[in-house]
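**Student:** Dropping a prediction and its sequence here:
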Amino acid sequence: TEILTDHGWSGYRDLRVGDTVLTLNHETGLSQWQPVEAVNVFPAQEREMLSIESRSHSSLTTLNHRWPVLRPHFRNGPGATAAGTYKKRAGFDRAWATSETLKWDDRIPIAADCADLPDQPKYSDAMVETVAWFWTEGHIRKLRDGRPWRNVTITQSEKNAANCDRIRSALTRLFGPPAAQFPRRGTSQAPDIPRWREMNMAGPNMVISLNAEAGDLIQRAAPGRVVTHEFLLSLTRAQLGLFIETSMLADNNGAHCLAQKDPESAEAFQFACILAGLSTSIRLSPSAHHAKYGYLMTSVRMRSQRTLWPLRGKPGHGKPERVTYSGEVWCPSTANRTWLARRRGTVYFTGNSSWMRDVRLAKMRLIVPPEYLDNIGRGEGAVFEPDRQVFTPLNMLHDSGGPQITANQFQIRVAEHSQSVQELLNRIVQSAG
């Protein structure tokens, strides 16, 4: 299972405290970037866990793992009528469930609008569109020593006349009108300004060449035709939509799928879709030329739904089952108590670990009458501040001996959270580098 950071997907062994990860604010329904507060890794031992496997969802979690869910409520109350027909659903409530308490009609969020997108654009729309055409339809020649050539090209079939016109329009808005020829470098006629020109090539394709200055500008956003996370994070919501729409148009692999030979390029496109609030999955799949050339394509598929029912699978296609797992278990801690996970190509929001909360709340607490709390007046008595979480005063009856202090020790789930001290030591060493 991987977690989405601001520099891409990461496994728990590479995740560090302070890394910025995508979380879900379950109150607002919006995704937010937040720092990792802790990386909780539990030692390998046999555990009973819940496994859910389908084409749209894959998870393996402890039974007390928490999930943010959308739970339906009904106009005439929950459940089915005596006749066996379901009552009319009136909407959804945001709730929390564990893997053990998930209900059949609980939905888990798999995408959300991002609350942290910039309001003001850093790049022009023409730049965004040109980068989209370049990473999908561009080409970078290599020098003899293997370094990339600064000049790059963008190719498009003349049969797609509308696409050709869009490429020319974007380049004109970005760099000005096309040049007839590039001036020879090193002369006074060749100032260092970005230029582009349409090459006279025989064949059915339009080939556009960008000079070194223009190529440098585009390759900073997409080195090796892999769009950087920094570039995508700087786009506004409208520009993300433009980038995705242009990329899909250039890829021409259907209305809901983009396929690329380079997995890193496809990963960057999925990152853009997630920022835009689109639900996606990513997988390797055979290409039309797989048998001849022997390579696979990485496909990013987009779904129209932003939630799914994890428990509504058919036998063998998502039916949950309890399994025994003997490996390490991990979970991060974030302020929103959620994070975006990816497992076997499927993406979804899930809850974070309750381990440190259990350790913190398992301290012994004192139960006292309300007159023992806070009120420092005249005689300056009471208070009780140290280590208290949230106390609600209760009007308790006292026995004949008068008000008393009762100590209550809550239980730590030792079986689930064993070796707590060792895990804390490991975290301290990890944080120290």
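**Tutor:** Received, thanks.
**Student:** Identify the residue spatially nearest to Gln239, adjacent ones excluded.
**Tutor:** Val128 (4.9 Å; Cβ to Cβ, 6 or more residues apart in numbering). For every residue, glycine as well, the C-beta is placed using N, CA and C.
**Student:** For the one you found, which three-state class applies?
**Tutor:** Using DSSP: H, G, I helix; E, B strand; the rest coil, the structure places Val128 in helix.
**Student:** what's it in contact with, if anything?
**Tutor:** The contact partners of Val128, by Cβ atoms under 8 Å, 6 or more residues apart in numbering, come to 235, 239, 242-243, 246.
**Student:** For the stretch 151-300 of the chain, which segments count as strands?
**Tutor:** 196-198, 205-210, 257-260, 279-286, 296-303 (DSSP state E, counting those that start in this stretch).
**Student:** export the ones you listed to JSON lines and tack on mean pLDDT and mean neighbour count?
**Tutor:** Formatted as JSON lines, those follow (pLDDT from 0 to 100; neighbours: other Cβ atoms under 10 Å):
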{"stretch": "strand 196-198", "mean pLDDT": "94", "mean neighbour count": "19"}
{"stretch": "strand 205-210", "mean pLDDT": "94", "mean neighbour count": "20"}
{"stretch": "strand 257-260", "mean pLDDT": "92", "mean neighbour count": "21"}
{"stretch": "strand 279-286", "mean pLDDT": "88", "mean neighbour count": "18"}
{"stretch": "strand 296-303", "mean pLDDT": "91", "mean neighbour count": "20"}
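**Student:** Which among the ones you listed is found nearest to Arg94?
**Tutor:** strand 279-286 (17.8 Å; Cβ to Cβ).
**Student:** re earlier: out of the contacts of Val128, which sit inside helices?
**Tutor:** Judged by DSSP state H, these include 239, 242-243, 246 as members of helices.
**Student:** neighbour-wise, which of those residues leads?
**Tutor:** Phe243 (25 neighbours; other Cβ atoms under 10 Å).
**Student:** quick one: Arg344 and Tyr295, what's the gap?
**Tutor:** According to Cβ to Cβ, to the nearest Å, Arg344 and Tyr295 sit 21 Å apart.
**Student:** Is it correct that Cys114 is in contact with Leu30?
**Tutor:** Yes. Using Cβ atoms under 8 Å, Cys114 is in contact with Leu30, at 6.9 Å.
**Student:** Looking at Arg344 and Tyr295 now, which is surrounded by more residues?
**Tutor:** Between Arg344 and Tyr295, counting by other Cβ under 10 Å, Arg344 is the more crowded of the two (15 against 11).
**Student:** surely that one meets His57?
**Tutor:** No. Arg344 is beyond contact range of His57, at 9.1 Å (criterion: Cβ under 8 Å).
**Student:** give the contact list for Thr280.
**Tutor:** 111, 270, 273-274, 300-303, 347.
**Student:** that older thread, so which of the strands of the stretch 151-300 of the chain comes closest to Val36?
**Tutor:** So among the strands of the stretch 151-300 of the chain, strand 279-286 is nearest, using Cβ to Cβ, at 22.7 Å.
**Student:** Return the list of helices and strands in contact with the helix or strand containing Arg141.
**Tutor:** Secondary-structure element containing Arg141, defined by DSSP states H and E: strand 138-142. Counting contacts by 3 or more Cβ pairs under 8 Å, 6 or more residues apart in numbering; DSSP states H and E, strand 138-142 packs against strand 148-157.
**Student:** Check which helices and strands the strand it packs on sits against.
**Tutor:** helix 125-137, strand 138-142, helix 161-175, strand 205-210, helix 212-221.
**Student:** Low-confidence ranges, this structure, go.
**Tutor:** Applying pLDDT under 70 to the chain flags the ranges 75-90, 185-191, 202, 286-294, 313-318, 353-427, 430, 433.
**Student:** 80 instead?
**Tutor:** Scanning the chain for pLDDT under 80 picks out the ranges 73-90, 183-192, 200-203, 285-295, 312-319, 352-433.
**Student:** quick revisit: so can I have JSON lines of the contacts of Thr280 showing distance to Phe134?
**Tutor:** Converted to JSON lines, those look like this (distance: Cβ to Cβ, whole Å):
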{"residue": "Ala111", "distance to Phe134": "27"}
{"residue": "Gln270", "distance to Phe134": "18"}
{"residue": "Cys273", "distance to Phe134": "18"}
{"residue": "Ile274", "distance to Phe134": "21"}
{"residue": "Val300", "distance to Phe134": "18"}
{"residue": "Arg301", "distance to Phe134": "23"}
{"residue": "Met302", "distance to Phe134": "22"}
{"residue": "Arg303", "distance to Phe134": "27"}
{"residue": "Val347", "distance to Phe134": "26"}
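**Student:** Out of those residues, which is nearest to Asp6?
**Tutor:** Ile274 (11.3 Å).
**Student:** can you give me the helices in this structure?
**Tutor:** Taking DSSP H as the criterion, the chain carries its helices at 125-137, 161-175, 212-221, 229-233, 237-251, 263-275, 290-293, 355-361, 420-431.
**Student:** Tell me, how many residues neighbour Thr5?
**Tutor:** 20.
**Student:** I meant Ser56, not that one.
**Tutor:** 20.
**Student:** any idea how far Val122 lies from Ser234?
**Tutor:** No, residue 122 isn't Val; it's Lys. 4 Å.
**Student:** Show me which of these two is the more surrounded one.
**Tutor:** Neighbours per residue (other Cβ under 10 Å) separate Lys122 from Ser234, with Ser234 holding more: 17 against 14.
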